[in-house]
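Asker: Fold the following and give me the result.
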Amino acid sequence: MLTGVVAFLLFLIVLLAIPLTLTFQVSWKHFFQNEIELQWAFGLVQFRVPPFKPKAPSSEDEEMEQKVGRWKRSTSGKRNFFAAIRQKAFRRRIFRFIGNLWHAVHKKNLSLRVRIGLGDPADTGRLWGILGPTVGLVANVREASIAIEPEFLDATFELDGSGSVRIIPLQMAYLTMLLLLSPSIWHGIRQIRMAEQ
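Answerer: Residues are numbered from 1 along each chain as shown. Sure, this is the predicted structure:
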(Lines give C-alpha, C1' and ligand atoms only; values in the text may rest on other atoms or scores of the structure.)
Protein backbone atom coordinates (compact mmCIF):
# COMPACT_ATOMS: atom_id res chain seq x y z
CA MET A 1 0.00 0.00 0.00
CA LEU A 2 2.75 2.43 1.00
CA THR A 3 4.72 1.55 -2.13
CA GLY A 4 1.71 2.36 -4.30
CA VAL A 5 1.25 5.74 -2.63
CA VAL A 6 4.94 6.61 -3.05
CA ALA A 7 4.86 5.50 -6.70
CA PHE A 8 1.76 7.63 -7.34
CA LEU A 9 3.38 10.69 -5.71
CA LEU A 10 6.55 10.23 -7.76
CA PHE A 11 4.50 9.88 -10.93
CA LEU A 12 2.56 13.05 -10.06
CA ILE A 13 5.80 14.95 -9.41
CA VAL A 14 7.20 13.84 -12.77
CA LEU A 15 4.04 15.01 -14.55
CA LEU A 16 4.14 18.38 -12.80
CA ALA A 17 7.80 18.79 -13.72
CA ILE A 18 6.99 18.70 -17.46
CA PRO A 19 6.86 22.26 -18.88
CA LEU A 20 3.56 23.81 -19.93
CA THR A 21 3.53 26.48 -22.67
CA LEU A 22 0.75 29.05 -22.82
CA THR A 23 0.31 31.15 -25.98
CA PHE A 24 -2.28 33.87 -25.58
CA GLN A 25 -3.88 37.01 -26.94
CA VAL A 26 -6.37 38.64 -24.59
CA SER A 27 -8.33 41.88 -24.53
CA TRP A 28 -10.70 43.31 -21.95
CA LYS A 29 -12.43 46.59 -22.63
CA HIS A 30 -16.21 46.33 -22.63
CA PHE A 31 -16.00 42.54 -22.39
CA PHE A 32 -13.35 39.84 -22.32
CA GLN A 33 -11.95 38.37 -25.55
CA ASN A 34 -9.34 35.65 -25.66
CA GLU A 35 -7.36 33.32 -27.87
CA ILE A 36 -5.47 30.86 -25.66
CA GLU A 37 -3.62 27.68 -26.55
CA LEU A 38 -1.92 25.29 -24.13
CA GLN A 39 0.90 22.94 -25.08
CA TRP A 40 2.19 20.28 -22.73
CA ALA A 41 5.02 17.75 -22.93
CA PHE A 42 6.93 19.85 -25.51
CA GLY A 43 3.97 20.08 -27.89
CA LEU A 44 2.84 16.43 -27.75
CA VAL A 45 -0.42 17.54 -26.12
CA GLN A 46 -2.19 20.67 -27.39
CA PHE A 47 -5.42 22.25 -26.22
CA ARG A 48 -7.15 25.41 -27.41
CA VAL A 49 -9.23 27.18 -24.77
CA PRO A 50 -12.69 28.07 -26.13
CA PRO A 51 -13.14 31.85 -26.45
CA PHE A 52 -15.18 33.46 -23.72
CA LYS A 53 -18.60 34.62 -24.96
CA PRO A 54 -20.35 37.10 -22.68
CA LYS A 55 -24.09 36.75 -22.28
CA ALA A 56 -25.80 39.65 -24.02
CA PRO A 57 -28.34 41.50 -21.85
CA SER A 58 -31.90 41.09 -23.06
CA SER A 59 -32.89 44.70 -22.41
CA GLU A 60 -31.56 48.10 -21.40
CA ASP A 61 -32.94 47.60 -17.87
CA GLU A 62 -31.06 44.34 -17.49
CA GLU A 63 -27.87 45.96 -18.81
CA MET A 64 -28.25 48.77 -16.27
CA GLU A 65 -28.79 46.24 -13.44
CA GLN A 66 -25.59 44.47 -14.44
CA LYS A 67 -23.62 47.73 -14.42
CA VAL A 68 -25.00 48.71 -11.00
CA GLY A 69 -24.21 45.25 -9.64
CA ARG A 70 -20.62 45.46 -10.88
CA TRP A 71 -20.26 48.94 -9.38
CA LYS A 72 -21.56 47.76 -5.98
CA ARG A 73 -19.22 44.78 -5.95
CA SER A 74 -16.22 46.96 -6.84
CA THR A 75 -16.93 49.61 -4.21
CA SER A 76 -17.68 47.07 -1.47
CA GLY A 77 -14.25 45.50 -1.93
CA LYS A 78 -12.20 48.71 -1.87
CA ARG A 79 -11.97 49.09 1.90
CA ASN A 80 -11.21 45.42 2.37
CA PHE A 81 -8.47 45.60 -0.25
CA PHE A 82 -6.82 48.66 1.27
CA ALA A 83 -7.06 47.17 4.78
CA ALA A 84 -4.70 44.41 3.66
CA ILE A 85 -2.50 46.28 1.18
CA ARG A 86 -1.69 49.01 3.73
CA GLN A 87 0.24 46.42 5.76
CA LYS A 88 3.90 46.59 4.81
CA ALA A 89 4.61 42.91 5.49
CA PHE A 90 1.61 41.76 3.44
CA ARG A 91 2.53 44.10 0.57
CA ARG A 92 6.18 43.05 0.54
CA ARG A 93 5.27 39.35 0.59
CA ILE A 94 2.88 39.77 -2.37
CA PHE A 95 5.49 41.71 -4.35
CA ARG A 96 8.12 39.07 -3.58
CA PHE A 97 5.72 36.34 -4.75
CA ILE A 98 5.07 38.25 -8.00
CA GLY A 99 8.82 38.70 -8.49
CA ASN A 100 9.46 34.99 -7.93
CA LEU A 101 6.74 34.10 -10.42
CA TRP A 102 8.17 36.54 -12.95
CA HIS A 103 11.63 34.99 -12.77
CA ALA A 104 10.23 31.45 -12.87
CA VAL A 105 8.31 32.07 -16.11
CA HIS A 106 10.14 31.83 -19.44
CA LYS A 107 8.71 34.62 -21.59
CA LYS A 108 8.63 35.17 -25.37
CA ASN A 109 7.22 38.20 -27.22
CA LEU A 110 5.33 39.24 -24.10
CA SER A 111 3.33 42.46 -24.37
CA LEU A 112 0.92 43.84 -21.76
CA ARG A 113 -1.07 47.08 -21.64
CA VAL A 114 -3.27 47.79 -18.60
CA ARG A 115 -5.38 50.83 -17.64
CA ILE A 116 -6.85 50.92 -14.13
CA GLY A 117 -9.23 53.32 -12.40
CA LEU A 118 -11.28 52.82 -9.21
CA GLY A 119 -13.81 55.56 -9.93
CA ASP A 120 -12.67 57.73 -7.02
CA PRO A 121 -9.50 59.81 -7.69
CA ALA A 122 -8.44 59.45 -4.04
CA ASP A 123 -8.71 55.63 -4.14
CA THR A 124 -6.92 55.50 -7.49
CA GLY A 125 -4.19 57.78 -6.10
CA ARG A 126 -3.68 55.51 -3.08
CA LEU A 127 -3.55 52.44 -5.32
CA TRP A 128 -1.09 54.14 -7.65
CA GLY A 129 1.05 55.20 -4.69
CA ILE A 130 1.45 51.49 -3.92
CA LEU A 131 1.78 50.23 -7.50
CA GLY A 132 3.79 53.14 -8.90
CA PRO A 133 7.30 51.93 -7.94
CA THR A 134 6.56 48.43 -9.23
CA VAL A 135 5.12 49.83 -12.46
CA GLY A 136 8.29 51.85 -12.97
CA LEU A 137 10.39 48.71 -12.58
CA VAL A 138 8.37 46.49 -14.92
CA ALA A 139 8.27 49.23 -17.57
CA ASN A 140 12.04 48.80 -17.97
CA VAL A 141 12.05 45.00 -18.11
CA ARG A 142 13.96 43.75 -21.14
CA GLU A 143 12.05 40.46 -21.43
CA ALA A 144 8.68 42.10 -22.07
CA SER A 145 6.86 45.27 -23.04
CA ILE A 146 4.64 46.28 -20.11
CA ALA A 147 2.70 49.50 -19.57
CA ILE A 148 0.29 50.12 -16.68
CA GLU A 149 -1.52 53.47 -16.55
CA PRO A 150 -3.93 55.01 -14.02
CA GLU A 151 -7.35 56.43 -14.89
CA PHE A 152 -8.39 58.97 -12.25
CA LEU A 153 -11.77 60.05 -13.64
CA ASP A 154 -13.68 56.83 -14.24
CA ALA A 155 -13.91 53.28 -12.89
CA THR A 156 -11.92 51.50 -15.58
CA PHE A 157 -10.18 48.24 -16.26
CA GLU A 158 -8.76 47.77 -19.74
CA LEU A 159 -6.35 45.04 -20.74
CA ASP A 160 -4.49 44.11 -23.92
CA GLY A 161 -1.96 41.33 -23.79
CA SER A 162 -0.22 38.81 -26.02
CA GLY A 163 2.77 36.52 -25.98
CA SER A 164 3.98 33.09 -25.04
CA VAL A 165 5.07 31.87 -21.60
CA ARG A 166 6.49 28.54 -20.46
CA ILE A 167 6.06 27.41 -16.88
CA ILE A 168 6.89 24.34 -14.83
CA PRO A 169 3.73 23.50 -12.82
CA LEU A 170 5.76 21.95 -9.98
CA GLN A 171 7.69 25.19 -9.52
CA MET A 172 4.47 27.24 -9.57
CA ALA A 173 2.91 24.94 -6.95
CA TYR A 174 5.99 25.30 -4.74
CA LEU A 175 5.95 29.12 -4.91
CA THR A 176 2.20 29.22 -4.23
CA MET A 177 2.58 26.90 -1.24
CA LEU A 178 5.27 29.18 0.21
CA LEU A 179 2.91 32.15 -0.22
CA LEU A 180 0.00 30.38 1.48
CA LEU A 181 2.21 29.33 4.41
CA SER A 182 3.42 32.90 4.98
CA PRO A 183 2.20 34.42 8.30
CA SER A 184 1.98 37.91 6.74
CA ILE A 185 -0.53 36.66 4.17
CA TRP A 186 -2.80 35.15 6.82
CA HIS A 187 -2.55 38.33 8.87
CA GLY A 188 -3.68 40.29 5.80
CA ILE A 189 -6.61 37.90 5.29
CA ARG A 190 -7.66 38.45 8.92
CA GLN A 191 -7.58 42.22 8.34
CA ILE A 192 -9.83 41.80 5.28
CA ARG A 193 -12.32 39.74 7.30
CA MET A 194 -12.31 42.30 10.09
CA ALA A 195 -13.03 45.06 7.55
CA GLU A 196 -16.02 43.08 6.27
CA GLN A 197 -17.63 42.97 9.71
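Asker: alpha carbons only for contacts and neighbour counts from here, please
Answerer: OK.
Asker: In this protein, what residue spans correspond to strands?
Answerer: Here the chain has its strands, by DSSP state E, at 20-28, 32-40, 45-49, 106-118, 144-150, 155-167.
Asker: got these as CSV, with mean pLDDT columns?
Answerer: Shown next, in CSV, are the strands of the chain (pLDDT from 0 to 100):
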stretch, mean pLDDT
strand 20-28, 91
strand 32-40, 87
strand 45-49, 88
strand 106-118, 87
strand 144-150, 84
strand 155-167, 90
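Asker: For the residue lying closest to Ile185 once chain neighbours are set aside, report the pLDDT, please.
Answerer: Computed as Cα to Cα, 6 or more residues apart in numbering, the closest residue to Ile185 that is not its neighbour in sequence is Phe90, at 5.6 Å. Among the per-residue scores, Phe90 holds a pLDDT of 82.
Asker: how far away is Phe90 from Lys108?
Answerer: 30 Å (Cα to Cα, to the nearest Å).
Asker: Tell me which of those two has more neighbours.
Answerer: Comparing Phe90 with Lys108 by other Cα atoms under 10 Å, the one with more neighbours is Phe90, at 20 against 14.
Asker: Would you check that the more buried one makes contact with Ser184?
Answerer: Yes - with contact defined as Cα atoms under 8 Å, Phe90 reaches Ser184; the gap is 5.1 Å.
Asker: re earlier: next up, the contacts around the residue nearest to Ile185.
Answerer: Listed by Cα atoms under 8 Å, 6 or more residues apart in numbering, the contact set of Phe90 reads 84, 184-185, 187-188.
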